[in-house]
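got a sequence here, can you build the structure:
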Amino acid sequence: METIKKIRQKAASNLKTIILPEYDDSRVLEAAKIIDSEGIAKVLLLTPDKVCPKEKERYIDEFYRIYKGKDYTLEAVKELFKGTLYYAAMMTREGKADGMVAGASHTTPNMARAVIRCIGVDEKITIVSSCFVMAVPDCAYGEEGTFIFADCGVIPEPNARQLACISMATSKMAKKALDLVPRIAVLSYSTKGSAKTKSAEKIAEAITLFKEMAPGIMIDGEMQVDAAIVPEVAKIKYPESSLAGRANILIFPNLEAGNIGYKLVQRLGKADALGPLFLGLKKPASDLSRGCLIEDIVNSVALTAVMAQ
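Numbers count the residues shown, from 1 in each chain. Below you'll find the model as predicted:
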């Protein structure tokens, strides 16, 4: 689709080094060949021969020094570094790679812990979340069928401040990776007070906080998804909304809704789902589903490379 093509072209315009620690997964190996042949990024496939014992020892010592006050024993840290995941994250932390992509053979919690602990959290955003770029074929909504969904992978029950930070990180990503003007809808099962709930109050607080952070960016909520993305419905349910049914960023109220939402759109709408891309890290990193296809890996590397530019 056009969105994926643009991301790949943008990645190829300024090549970045993306590390792939899952060297023993056949899908990753095939993806690395495609990325190299199409000139999307410089791939660093972290095979065992590329792991320097002295560097590994240094990384273990550094990690232990940082986290020993949080009940990490040296033996526990050595256990973490038995595979390549934490080594790759420490290389990214040091700038020996511009970003990393993994998850084909690691769970999302394991991947999230590695990148948060090693790469670190951006002080301006203060939290780590994640998003998907959703490219829906033959769709007039969003940005000609392109949306960003967040958070779909990290924070189970975000509070108001976290929702505001997720919205901020996602809007920055939209501008950098896709050149989009952000139009953010914070989703709910109610639209602007049609149901009086604590969730609606939380969303209202999140929007107030966001507007203090970024007064020039369009955001509204709480709102049902049809009022957020369908102009005809917006006219009926929420005619005073500045979004007018043209949202291109959808912020979900919790992780359950986000995960269910992106998978429904991906499977039933035959959408391409790029991500999840972690947001709020000091260096970009993307997670992969353990059921990912080769194309998913290629696209995640392209998106991560663009975010590293």
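
and residue 131, how many neighbours?
31 (other Cβ atoms under 10 Å). Bear in mind the C-beta positions are built from the backbone N, C-alpha and C, glycine included.

could you verify that it is part of a strand?
Yes: residue state for residue 131 (DSSP: H, G, I helix; E, B strand; the rest coil) corresponds to a strand.

now it: closest residue in space, sequence neighbours ignored.
Leaving aside its sequence neighbours, residue 131 sits nearest to residue 150 (Cβ to Cβ, 6 or more residues apart in numbering; 3.9 Å).

which residues touch the one you found?
Going by Cβ atoms under 8 Å, 6 or more residues apart in numbering, residue 150 touches 129-132, 166-167, 169-170, 249-252, 258, 279.

for residue 39, see how far away it is.
Note on residue 150: its distance to residue 39, by Cβ to Cβ, to the nearest Å, is 29 Å.

where does pLDDT dip in the stretch 51-200 of the chain?
Along the stretch 51-200 of the chain, the model assigns pLDDT under 70 to residues 194-195.

try 90
Within the stretch 51-200 of the chain, the segments meeting pLDDT under 90 span 66-73, 108, 123-126, 153, 190-200.

in it, which spans are strands?
99-102, 129-135, 146-150, 183-187 (DSSP state E, counting those that start in this stretch).

winner for burial among these?
The highest mean neighbour count among the strands of the stretch 51-200 of the chain, using mean count of other Cβ atoms under 10 Å, belongs to strand 99-102: a mean of 30.

give me the helices and strands touching that one, please.
Packed against strand 99-102 by the contact rule (3 or more Cβ pairs under 8 Å, 6 or more residues apart in numbering; DSSP states H and E) you find strand 17-20, helix 85-94, helix 108-118, strand 285-287, helix 294-308.

please redo it, this time with the cut-off set to 10 Å
strand 17-20, helix 26-38, helix 85-94, helix 108-118, strand 272-279, strand 285-287, helix 294-308 (3 or more Cβ pairs under 10 Å, 6 or more residues apart in numbering; DSSP states H and E).

residue 24 against residue 105, yeah?
Yes: using Cβ atoms under 10 Å, residue 24 is in contact with residue 105, at 7.6 Å.

give me the more crowded residue out of those two.
residue 105 (16 against 12).

my read: that one touches residue 287, true?
No: the pair residue 105 / residue 287 is not scored as a contact, 11.9 Å apart, by Cβ under 10 Å.

please indicate which of the contacts of residue 150 are buried?
129-132, 166-167, 169-170, 249-252, 258, 279 (16 or more other Cβ atoms under 10 Å).

mind checking pLDDT for the closest residue in space to residue 17 that isn't next to it in sequence?
The shortest distance from residue 17 to any non-neighbouring residue, by Cβ to Cβ, 6+ apart, is to residue 42 (4.4 Å). According to the prediction, residue 42 has pLDDT 97.

pretty sure residue 42 sits against residue 15.
Yes: contact criterion Cβ under 10 Å: residue 42 and residue 15 qualify, at 5.4 Å.

shared neighbours, these two?
Common neighbours of residue 42 and residue 15, counting by Cβ atoms under 10 Å, 6 or more residues apart in numbering, are 98, 305.

hang on, residue 145 packs against residue 136?
Yes: look at residue 145 against residue 136 with Cβ under 10 Å: they come within range, at 4.3 Å.

and the closest residue to residue 146 other than its chain neighbours, how far from residue 59?
Residue nearest to residue 146 in three dimensions, not counting chain neighbours: residue 3, with 4.7 Å by Cβ to Cβ, 6+ apart. The spacing between residue 3 and residue 59, counted by Cβ to Cβ, is 36 Å.
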